[in-house]
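Student: Structure of the sequence below:
(one chain, ligands or ions: 3)
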Amino acid sequence: MVTRIPVTGDRPYDVIVGRGLENELPALIEGAARVAVLHPPTLRDRAEAVAKAAGAVTVVPIEVPDAERGKSIEVAARCWDELGAAGFTRTDVVVGVGGGATTDLAGYVAAAWLRGVRWVPVATSVAGMVDAAVGGKTGVNIAAGKNLVGAFHPPAGVLCDLDALDTLPAEDVAAGLAEVVKGGFIADPRILELVEADPAGALDPRGDVLRELIERKIQVKADVVGVDLKESGLREILNYGHTLGHAIERREKYSWKHGHAVSVGMIFAAELGRLSGRLDDATAARHRAVLESLGLPTAYEGSAWTELLPAMRVDKKARAATLRFVVLDGLAKPGILAGPDEDLLERAYAAVAR
Ligand SMILES: NC(=O)c1ccc[n+]([C@@H]2O[C@H](COP(=O)([O-])OP(=O)(O)OC[C@H]3O[C@@H](n4cnc5c(N)ncnc54)[C@H](O)[C@@H]3O)[C@@H](O)[C@H]2O)c1
Ligand SMILES: O=C(O)C(=O)C[C@@H](O)[C@H](O)[C@H](O)COP(=O)(O)O
Ligand SMILES: [Zn+2]
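Tutor: Numbering: from 1, shown residues only. Ligands and ions are numbered 1, 2, ... in the order given. As a prediction, the model looks like this:
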């Protein structure tokens with residue numbers, strides 16, 4: 001069974017979820033003479049299968065470093081050199097095969113090449129399928145912080161072949177579920193009920209529970225990015241847990257998994273909401289219970305606070321000196337907390353400090 005989740009906007013496209021989706025690729029690259037296939041070494045076999053499915057085009061395979069090591073301006077520059085050498089034109093297509101780090105890179109390579117060419121993410125991780133490959137946020141990390149250079153560049157379509165999850169390490173399945181749980185708290189509480197009823201099922205790549213969770217979270221994201229591609233308002237809710245999460249990733253030099261950092265960040269955001277009188281105790285406590293049931297981290301070094309606070313100031317939601325956080329006014333009622341005082345932030349951090 002193949003599910004197509006439409007994403008609306010000026011350049012609408014479908015997120016396609018199913019198994020054995022190779023035959024979906026030709027329509028997405030129609031008219032291209034060349035297709036660049038960016039992939040990390042771990043996904044070489046899958047990239048070769050994608051290249052084969054591309055049919056009668058010139059394939060330009062580009063191997064990039066794995067995970068966050070590939071998400072850099074230097075790696076992007078090497079990809080542009082390879083596109084130049086291959087004579088890549090405006091009708092050609094960039095395909096990113098991998099997790100969120102690889103598709104963020106591939107999307108940015110496509111966004112900047114000739115000021116924007118078609119691209120297709122072939123998402124191979126849970127985080128990639130439910131979040132990174134959907135919505136057209138592309139980019140790379142720089143020394144100053146996470147995703148600080150990038151572009152909004154919607155894909156031509158998104159392929160989420162569930163067969164890819166068979167080889168995804170269990171830790172990465174769980175990390176991706178942090179973004180799914182985020183979708184449960186900000187918009188679709190049924191996600192939380194499904195995880196609470198069967199956490200083991202949620203973690204099983206072959207099971208129906210994970211498929212339903214993936215499709216539900218894609219729907220949450222599609223509903224948001226379809227009306228606010230460039231994050232002028234509503235889209236900020238997708239950043240729940242990310243203000244602290246990105247600061248932790250940067251402090252850890254990107255050795256922490258994104259989903260792990262976001263998990264800790266959501267505990268912090270829930271506590272911010274609770275301490276500012278906006279979120280009830282039970283919903284705040286539910287964050288910890290759900291995330292821990294998936295084996296996700298909910299604590300971070302207490303002594304790191306003095307480093308994390310300045311790191312949060314490069315968050316894209318900040319305006320001048322004012323920090324802004326996504327918090328909840330109740331289950332599935334996200335809102336913005338602007339300019340909380342440092343004492344409140346420090347008290348909220350106590351909920352994750354170890
Ligand atoms: N653009 C967005 O809207 C958005 C949304 C969420 C996350 N992100 C970004 O996505 C990244 C996190 O995504 P991720 O967890 O997928 O990261 P990732 O790309 O680093 O993948 C995690 C690990 O899983 C491996 N992997 C992926 N698929 C595999 C498979 N099928 N079999 C075996 N190994 C596989 C990768 O090689 C990597 O080692 C972060 O960089 C984050 O900032 C972006
Ligand atoms: O799509 C969005 O918008 C999100 O915020 C989704 C996040 O899960 C994702 O990690 C995103 O890359 C963070 O965006 P950033 O603008 O804070 O870098
Ligand atoms: Zn994220």
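Student: Could you pull out the helices in the stretch 1-150 of the chain for me?
Tutor: Counting by DSSP state H, counting those that start in this stretch, the stretch 1-150 of the chain has helices at residues 25-28, 44-53, 73-86, 100-112, 126-127.
Student: Same question for the stretch 201-350 of the chain.
Tutor: Secondary structure of the stretch 201-350 of the chain (DSSP H, counting those that start in this stretch): helices at 208-225, 242-251, 258-275, 281-293, 305-312, 342-349.
Student: Could you report the neighbour count for Thr167?
Tutor: Thr167 has 13 neighbours, counted by other CB atoms under 10 Å. To be clear about C-beta, it is placed using only N, CA and C from the backbone, and glycine gets the same treatment.
Student: May I have the residues that are in contact with Val116?
Tutor: To be clear, residue 116 is Gly; Val isn't right here. Each residue near Gly116 by CB atoms under 8 Å, 6 or more residues apart in numbering is listed here: 110, 153.
Student: For ligand 2, which of the helices of the stretch 201-350 of the chain is the nearest?
Tutor: Smallest distance to ligand 2 across the helices of the stretch 201-350 of the chain (CB to the nearest ligand atom): 5.1 Å, for helix 242-251.
Student: now that closest one and helix 258-275, what's the angle there?
Tutor: 140 degrees (axes from the mean of the first three to the mean of the last three CA atoms, to 10 degrees).
Student: Quick check: which helices or strands does helix 242-251 pack against?
Tutor: Counting contacts by 3 or more CB pairs under 8 Å, 6 or more residues apart in numbering; DSSP states H and E, helix 242-251 packs against strand 145-152, helix 258-275, helix 305-312, strand 324-328.
Student: Return the most buried member of these.
Tutor: Highest mean neighbour count of the helices and strands packed on helix 242-251: helix 258-275, a mean of 26 (counted as mean count of other CB atoms under 10 Å).
Student: Next, the residue located most distally from the centre of the chain: phi, psi?
Tutor: Here the chain reaches farthest from its C-alpha mean at Ala56, the gap being 31.7 Å by CA atoms, centre = their mean. Backbone torsions of Ala56, given as degrees, to the nearest 10, read phi -80, psi 60.
Student: Name the residues of the stretch 151-300 of the chain found near ligand 2, please.
Tutor: Taking CB under 6 Å from any ligand atom as the contact definition, the stretch 151-300 of the chain meets ligand 2 at 179, 231, 235, 238-239, 242.
Student: out of the residues you listed, which are buried?
Tutor: Buried subset of those (neighbour count, 16 or more other CB atoms under 10 Å): 179, 231, 235, 238-239, 242.
Student: and the closest residue to Glu22 other than its chain neighbours, what is it in contact with?
Tutor: Leaving aside its sequence neighbours, Glu22 sits nearest to Ala53 (CB to CB, 6 or more residues apart in numbering; 3.7 Å). By CB under 8 Å, 6+ apart, Ala53 lies in contact with 22-23, 25-26.
Student: which of those has the most neighbours?
Tutor: Counting neighbours by other CB under 10 Å, Leu25 leads those with 24 neighbours.
Student: In the stretch 201-350 of the chain, which residue sits nearest ligand 2?
Tutor: Closest point on the stretch 201-350 of the chain to ligand 2, by CB to the nearest ligand atom, is Leu238, at 3.6 Å.
Student: Run through who's touching stretch 69-88.
Tutor: Residues from elsewhere that reach stretch 69-88 (CB under 8 Å, 6+ apart): 34, 36, 38, 40, 58, 60, 62, 64-65, 92, 94, 101-102, 104-105, 108-109, 112-114, 117, 139-142, 149, 254.
Student: ok, and the closest non-adjacent residue to the one residue sitting closest to the centre of the chain?
Tutor: The centroid of the chain falls nearest to Ala132 when counting by CA atoms, centre = their mean (3.2 Å). The shortest distance from Ala132 to any non-neighbouring residue, by CB to CB, 6+ apart, is to Gly100 (3.0 Å).
Student: Give me the pLDDT for that neighbour.
Tutor: Looking at Gly100, its pLDDT stands at 98.
Student: In JSON lines, list the helices of the stretch 201-350 of the chain along with distance to Ala156.
Tutor: Below are the helices of the stretch 201-350 of the chain laid out as JSON lines (distance: least, CB to CB, whole Å):
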{"stretch": "helix 208-225", "distance to Ala156": "15"}
{"stretch": "helix 242-251", "distance to Ala156": "26"}
{"stretch": "helix 258-275", "distance to Ala156": "25"}
{"stretch": "helix 281-293", "distance to Ala156": "34"}
{"stretch": "helix 305-312", "distance to Ala156": "35"}
{"stretch": "helix 342-349", "distance to Ala156": "41"}
